[in-house]
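S.K.: got a sequence here, can you build the structure:
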Amino acid sequence: MGHLDHAALGWLTPVLSYAMACTGAALGLRCTVPALATTGRARRNWLLTAASAIGTGIWTMHFVAMLGFRVSGTDIRYDVPLTLTSLLVAVLVVCAGVFSVGYGRDRGRALLLGGLTTGLGVASMHYLGMAAVRLHGDVSYDPTRVALPVLIAVATATAALWAALNTKAPLAVALASLIMGAAVSSMHHTGMSAVTVRVTPSGESLPGATAMQFIFPLAVGLGSYLFLTSAFVALSPTAGEHAASASARHPVDSTAR
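M.R.: Predicted structure coming up:
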């Protein structure tokens, strides 16, 4: 039985992964505010930005945390196609959930359906990411704890979509983002607590890429995308500011009538 260390780099990976989850949530919530106030292509583009932000934030949270994952007695590698598939799954399922509430006529039904779909997809991303792990031995899960992260993911996704519909004030968005980041991180760590590894010592080289060869550069790239997009969105005019600007450009001259 290999000894598992989930934070081999100390507090760096848990804190940084939480920051990534919060950043993605904050950007996603910030994008839904103008999305719900617009129509047509503008709404679609805002919703796409929101979905990509939340999805990449969740994925980056998971794999930044995995940078601190170590198992005594074996090296660890990651299957590149499976890891990229987990990223695609994260973005697509969040996109489905965000669009369901962004365009759904029955908001309550869309919220429940979107939360269930997105939550199951996020949990699938987590377990796909774990399936990408390559080591000398076998990875197994405590069956009594496997379902718990799935339930957390569904509850978190539903709460996130509800917040996207109802949170508009900057302070409320910030608070909701911190809560969502904590919930997503809890899902990850709850899922990892169910993991057991039985190491089989071997001198053979493992297939795949190391975390620093593949996960780290990709996580840094996605993290940079989140922060740069956050800055762009934060500086972009709100729907109210657009309306005020349009009114200023076309004032009503009541004296001319």
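S.K.: now the strands for the stretch 151-257 of the chain?
M.R.: Using DSSP state E, counting those that start in this stretch, the strands found in the stretch 151-257 of the chain span residues 195-199.
S.K.: please disregard the earlier target; I meant the stretch 1-150 of the chain.
M.R.: Counting by DSSP E, counting those that start in this stretch, the strands of the stretch 1-150 of the chain are 4-5, 70-71, 76-78, 133-135, 137-141.
S.K.: show me what the longest one is packed against.
M.R.: Counting contacts by 3 or more C-beta pairs under 8 Å, 6 or more residues apart in numbering; DSSP states H and E, the secondary-structure elements packed against strand 137-141 are strand 195-199. All C-beta spots, glycine's among them, are computed from the backbone N, C-alpha and C.
S.K.: and what of the fourth one?
M.R.: With contacts defined as 3+ C-beta pairs under 8 Å, 6+ apart, the secondary structure elements packing on strand 133-135 are strand 76-78.
S.K.: output the longest helix belonging to this protein.
M.R.: helix 40-66 (DSSP state H).
S.K.: for it, which positions count as buried?
M.R.: Using 16 or more other C-beta atoms under 10 Å as the test for burial, helix 40-66 gives 43, 46-66.
S.K.: so how far is that helix off the chain centroid?
M.R.: Offset of helix 40-66 from its chain centre (C-alpha atoms, centre = their mean, to the nearest Å): 6 Å.
S.K.: average pLDDT for that helix?
M.R.: Average pLDDT, helix 40-66: 89.
S.K.: for the remainder of this discussion, apply numbering that starts at 318.
M.R.: From this message on, residue numbering opens at 318, which makes the last subject helix 357-383.
S.K.: who's in contact with Leu346?
M.R.: If you count contacts by C-beta atoms under 8 Å, 6 or more residues apart in numbering, Leu346 has them with Ala367, Ala477, Ala480, Ala481, Thr484, Val490, Ala493, Ser494.
S.K.: how close does it get to Leu321?
M.R.: 34 Å (C-beta to C-beta, to the nearest Å).
S.K.: same question for Thr340.
M.R.: Thr340 sits 27 Å away from Leu321, going by C-beta to C-beta.
S.K.: who has more neighbours out of the two?
M.R.: Comparing Thr340 with Leu321 by other C-beta atoms under 10 Å, the one with more neighbours is Thr340, at 22 against 15.
S.K.: can you tell me the closest non-neighbouring residue to that one?
M.R.: Distance criterion C-beta to C-beta, 6 or more residues apart in numbering; nearest residue to Thr340, sequence neighbours excluded, is Leu543 at 4.8 Å.
S.K.: how near is the one you found to Ala493?
M.R.: As judged by C-beta to C-beta, Leu543 and Ala493 stand 17 Å apart.
S.K.: also Tyr335?
M.R.: Tyr335 is 15 Å from Ala493, where distance means C-beta to C-beta.
S.K.: can you check Gly446 too?
M.R.: Distance, Gly446 to Ala493, by C-beta to C-beta: 25 Å.
S.K.: repeat for Trp328
M.R.: Distance, Trp328 to Ala493, by C-beta to C-beta: 24 Å.
S.K.: looking at these two, which is more packed in?
M.R.: A direct count of neighbours by other C-beta under 10 Å for Trp328 and Ala493 places Ala493 higher, at 22 against 9.
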